[in-house]
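Chemist: model this:
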Amino acid sequence: MIDRKRHGLILLVLGALAAIGPFSTDMYLPGFQEIARSLQTDIAHVGFSLASYFIGISMGQLAYGPLLDRYGRKKPIILGLFLYLFAALGCALSPSIDYLIALRFLLAVGGCVGMVGSRAIVRDLFSGAEIARAMSALMTIFSIAPVIAPTTGGLVVTLLGWRFIFLVLAVLASALLLAVSLLDETKRTDLSVSLRPRNIIREYLGVFREREFIKYAGATGAATAGLFSFLTGSPFVFISLFGFTATEFGWILAANGCSFIAANQVNRLLLRKHDAREVLLVCTVVQSAAALLLLACACTASPPRAATIGLVFCFMFCFGLMVPNGTGLALQPFSRNAGSASALIGSMQMISGAVASASVSYLHNGTALPMVAMMGASAGTVLVLLIAATLFSGHYGRK
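Modeler: Next up is the predicted model:
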């Protein structure tokens, strides 16, 4: 049993590890215009560095799964952080947009080890309902990133220039390297875990044989699609359609980031009296209702701004409840191959998010409908999966 003080310290480090991925994205977004000017290109080409980052996260997580199961947790995490550190320094020194795009890919491959590794370590240390509680604590720290990263990035760009954003990220990676090196290993080396491609594929297919994993990993993937739909469509909806300034829009994003933090604190309280499956189902029903009301607002001639902001906040609050519970339930059946299961969860989330983001962009028609329709489709998909889990599994409601 881990004492309370050490428990909190471990979750703080794991939360920072998990947050390094989104922090690396949100922090450099305010520098897009300056990056384009400095590297003599346009913002559209700078956007490719964001796309390459998402590709790197999706591919990297799948690569780390078997490594974390074979060599334990610390060695792969340290390796990934070293790659992240050198890629961050390379991004800061990029002479052209092509170099930046390639180095952002490597930055993602290095940084995503924190997302996979943190979930795997939680599974090593906790079991049953404790997994969901630990995931909520992790998400609380993780959720700070979208609140402070854009503001921090904007300040760094204004005072020092965009290249210093990546120097700040390099310093963050160095601090995490030190912190991880001081943690105890939570899983011994297991040489029975093969790194041959055929065996790795077989290992991943074995994870998919767990029905609980398919239901709950699929649910978290669909939920993440709703988040990405909002992130993709919200700049147009709130700035171009509703007429908010960039600063006001930043405050709206920060408020939604705070909703994640509040949701994870509420979730930890709810899990003291309720099963994670119960919490997950109820918050999905509420989120689906919010999505339907958002759709009704978007169909009006002049969508109400205050109602839209309030409903989006409700939608994101529910998202903050869904992810830790869904992730905990998806990981619960695994011990030996928790790294592979964690990698698959992360990859499924990023792929579904990328598809949703592309769909919102493709369906753009000058209204809020593409964004809210995809958010509604996301919530509806999660609800269908959970109803199926309730009807066809005898586990619902069991402690």
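Chemist: three-state assignment of the residue sitting furthest away from the middle of the chain?
Modeler: No residue in the chain sits farther from the centre than Ala301, which is 34.1 Å out by C-alpha atoms, centre = their mean. In terms of secondary structure, Ala301 is coil; the call rests on DSSP: H, G, I helix; E, B strand; the rest coil.
Chemist: distance of it from Thr367?
Modeler: The span separating Ala301 from Thr367 equals 10 Å under the rule C-beta to C-beta, to the nearest Å. (Each C-beta comes from the backbone N, C-alpha and C, glycine too.)
Chemist: ok, then the element right after the helix or strand Glu34 falls within?
Modeler: With elements taken from DSSP states H and E, the one containing Glu34 is helix 32-38. Per DSSP H and E, helix 32-38 leads on to helix 43-71 as the next helix or strand towards the C-terminus.
Chemist: in that following helix, what's buried?
Modeler: Neighbour counts using 16 or more other C-beta atoms under 10 Å place 45-46, 49-50, 52-58, 60-71 of helix 43-71 among the buried residues.
Chemist: quick one: Leu169 and Pro22 touch, right?
Modeler: No. The pair Leu169 and Pro22 does not pass the contact test of C-beta atoms under 8 Å, sitting 12.0 Å apart.
Chemist: these two: who's more crowded?
Modeler: When neighbours are counted by other C-beta atoms under 10 Å, Leu169 and Pro22 differ, and Leu169 comes out ahead with 25 against 19.
Chemist: just the pLDDT at the spatially closest residue to the more buried one that is not a sequence neighbour, thanks.
Modeler: The spatial neighbour of Leu169 that comes closest, neighbours along the chain excluded (C-beta to C-beta, 6 or more residues apart in numbering), is Ala88 at 4.5 Å. Looking at Ala88, its pLDDT stands at 96.
Chemist: then Ala246?
Modeler: Ala246 carries a pLDDT value of 63.
Chemist: for Ser49, same thing?
Modeler: Ser49 is assigned a predicted lDDT (pLDDT) of 81.
Chemist: begin at 25, not 1, for the rest of this chat.
Modeler: Will do, 25 is the new start, and the previous item becomes Ser73.
Chemist: and it, how far from Ser118?
Modeler: Computed with C-beta to C-beta, the distance linking Ser73 and Ser118 is 9 Å.
Chemist: and what of Phe268?
Modeler: Noted for Phe268: a distance of 32 Å to Ser118, by C-beta to C-beta.
Chemist: okay, those two: which has more neighbours?
Modeler: Under the neighbour definition other C-beta under 10 Å, Phe268 and Ser118 were set side by side, and Ser118 has more, 21 against 18.
Chemist: surely that one touches Leu131?
Modeler: No. Contact between Ser118 and Leu131 fails when scored by C-beta under 8 Å: they sit 11.0 Å apart.
Chemist: returning to that earlier point: overlap in contacts, Ser73 and Ser118.
Modeler: Shared contacts of Ser73 and Ser118, defined by C-beta atoms under 8 Å, 6 or more residues apart in numbering, comprise Leu124.
Chemist: sorry, back to before: how about the residue nearest to Leu193, what does it touch?
Modeler: Residues touching Ala112, when contacts are defined by C-beta under 8 Å, 6+ apart, comprise 131, 190-191, 193-194, 197.
Chemist: in CSV: these, plus secondary structure and distance to Phe252.
Modeler: Below are the contacts of Ala112 laid out as CSV (DSSP: H, G, I helix; E, B strand; the rest coil; distance: C-beta to C-beta, whole Å):
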residue, secondary structure, distance to Phe252
Leu131, helix, 19
Phe190, helix, 24
Leu191, helix, 28
Leu193, helix, 22
Ala194, helix, 27
Ala197, helix, 25
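Chemist: can you redo the residues you listed as TSV with distance to Leu410?
Modeler: TSV is the format used below for these (distance: C-beta to C-beta, whole Å):
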residue	distance to Leu410
Leu131	35
Phe190	40
Leu191	44
Leu193	37
Ala194	41
Ala197	37
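Chemist: pick the one among those closest to Gly377.
Modeler: Ranked by distance to Gly377 (C-beta to C-beta), these are led by Leu131 at 17.9 Å.
Chemist: ok, how many other residues are close to the residue lying closest to that closest one once chain neighbours are set aside?
Modeler: Here the nearest residue to Leu131 in space, its sequence neighbours aside, is Ala111; by C-beta to C-beta, 6+ apart that works out to 4.1 Å. Per other C-beta under 10 Å, the neighbour tally for Ala111 reads 26.
Chemist: do the one 3 residues further on as well
Modeler: As a burial measure, Gly114 scores 18 neighbours (other C-beta under 10 Å).
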